[in-house]
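Chemist: The sequence and its predicted three-dimensional model are supplied below.
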Amino acid sequence: MATDTGKEWNATAYHAVSEPQFRWGLQVLERVALRGDETVLDAGCGTGRLTAELAMRLPRGRVLACDLSENMVRGARDYLAPQFGPRVEIFQADMAALALESAVDGVFSTAAFHWVRDHHALFASLYRALRPGGWVIAQCGGGANLARLYGRVADLQRRPEFCSFFTDWKDAVYFAAPQETTKRLQRAGFGDAEAYISLAPATFADAAAFRAFIATVCVHKHLKVLPENLHKAFLAPLVEAASEDDPPFTLDYQRLNISARKPM
């Protein structure tokens with residue numbers, strides 16, 4: 001797969017700042033009942049922090065881990081290969097167009113589905129990848145996720161100094177609602193489909209930590225369309241506004257929790 005720089009991440013920075021995603025992911029992993037010998041797909045594996053936790057729960061099994069970002073895949077290989085070797089296979093792929101058919105017993109995913117715009121294609125792709133009786137347990141941004149932050153971002157995009165760079169802007173994320181997610185899962189063929197929202201506000205210690213996180217995770221695609229000399233000017237109002245929130249430097253995260261099963 002050729003590298004698409006618009007879909008690339010700074011994997012080193014993400015690995016350093018992704019503690020909120022890691023904590024949420026550990027909670028999701030507790031919902032996964034494993035024998036220890038399954039083959040499980042980690043869809044949107046990032047740099048592999050949670051992939052490692054999943055692999056440790058599969059001592060006689062195997063993990064297939066994919067990410068759209070070449071940088072993330074490279075980082076995950078560097079992180080996971082020394083510990084797990086061939087038990088974890090990491091590859092670059094669009095999770096909405098996987099070249100897998102009846103290949104895995106389960107799909108685990110956290111903080112990734114909202115980066116896929118077409119959830120119809122996503123769930124159809126995961127359904128094909130699963131063996132009969134296979135499961136999906138996932139969590140991503142949903143509902144009114146980050147509504148406060150992205151409202152402020154939208155205001156910035158309309159400012160005279162920034163607006164010309166966003167004339168062709170398309171939102172990079174899609175935060176689905178639980179009801180529509182359940183319906184999409186059912187249309188893809190899944191049974192026992194369930195989706196619900198949980199609140200997960202993330203508070204950062206200070207302005208520097210907040211700025212580093214949003215620059216790496218929340219608005220990194222916005223920053224990509226701006227010249228580097230405008231990055232500081234774009235981030236500064238977001239950090240200043242967050243300093244006045246109660247509590248300060250808190251992101252209003254909402255998580256969409258998803259579970260479903262492919263019929264036997």
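Modeler: Done, it's in.
Chemist: Packing partners of the longest strand anywhere in the chain?
Modeler: Scanning the chain for the strand with the most residues, using DSSP state E, yields strand 130-141. Strand 130-141 is packed against helix 19-29, strand 104-110, strand 254-261, with contacts defined by 3 or more Cβ pairs under 8 Å, 6 or more residues apart in numbering; DSSP states H and E. For the C-beta atoms, the positions are set from N, CA and C on the backbone; glycine is no exception.
Chemist: how many degrees apart are that strand and strand 104-110 in direction?
Modeler: For strand 130-141 against strand 104-110, the angle by axes from the mean of the first three to the mean of the last three Cα atoms, to 10 degrees is 0 degrees.
Chemist: Buried residues of strand 130-141, list them for me.
Modeler: Leu130, Arg131, Gly134, Trp135, Val136, Ile137, Ala138, Gln139, Cys140, Gly141 (16 or more other Cβ atoms under 10 Å).
Chemist: Stretch 121-128 now?
Modeler: Under 16+ other Cβ under 10 Å, the buried positions of stretch 121-128 are Leu122, Phe123, Ala124, Ser125, Leu126, Tyr127, Arg128.
Chemist: correct me, but the last one touches Ala99?
Modeler: No - judged on Cβ atoms under 8 Å, Arg128 makes no contact with Ala99 at a distance of 9.4 Å.
Chemist: And the next helix or strand past the longest strand of the chain?
Modeler: helix 147-157 (DSSP states H and E).
Chemist: Next one, pLDDT for Gly6 please.
Modeler: For Gly6, the model assigns a pLDDT of 61.
Chemist: Of the buried residues of stretch 121-128, which is the nearest to Ala233?
Modeler: For Ala233, the closest of these turns out to be Leu122, at 35.3 Å, with distances computed as Cβ to Cβ.
Chemist: Who are the contact partners of that closest one?
Modeler: By Cβ atoms under 8 Å, 6 or more residues apart in numbering, the residues touching Leu122 are Met95, Ala96, Phe113, Val116.
Chemist: for those residues, which one is nearest Asp67?
Modeler: Asp67 has its nearest neighbour among the contacts of Leu122 in Met95, at 8.4 Å by Cβ to Cβ.
Chemist: pLDDT value on the closest one, please?
Modeler: pLDDT, Met95: 97.
Chemist: Thought Ala43 was touching it, still the case?
Modeler: Yes - assessed by Cβ under 8 Å, Met95 is found in contact with Ala43 at 4.5 Å.
Chemist: Among these two, which residue is more densely surrounded?
Modeler: Ala43 (27 against 24; other Cβ atoms under 10 Å).
Chemist: these two touch, right, that one and Ala138?
Modeler: Yes - taking contacts as Cβ under 8 Å, Ala43 lies within contact range of Ala138: 7.4 Å.
Chemist: Which residues are in contact with each of these two?
Modeler: Here Ala43 and Ala138 have Val107, Phe108, Ser109, Ala112, Phe113 as joint contacts, going by Cβ under 8 Å, 6+ apart.
Chemist: picking that back up, of the buried residues of strand 130-141, closest to His231?
Modeler: Gly141 (23.0 Å).
Chemist: How about the secondary structure of the nearest residue to the closest one once chain neighbours are set aside?
Modeler: Nearest residue to Gly141 in three dimensions, chain neighbours excluded: His114, at 4.0 Å (Cβ to Cβ, 6 or more residues apart in numbering). Local secondary structure at His114 is given as helix here, using DSSP: H, G, I helix; E, B strand; the rest coil.
Chemist: For His114, which residues are in contact?
Modeler: Cys140, Gly141, Gly142, Asn145, Val173, Tyr174, Phe175, Ala176, Leu256.
Chemist: got a list of what the second one touches?
Modeler: Neighbouring residues of Gly141 by Cβ under 8 Å, 6+ apart: Ala111, His114, Val173, Phe175, Tyr253, Gln254, Arg255, Leu256.
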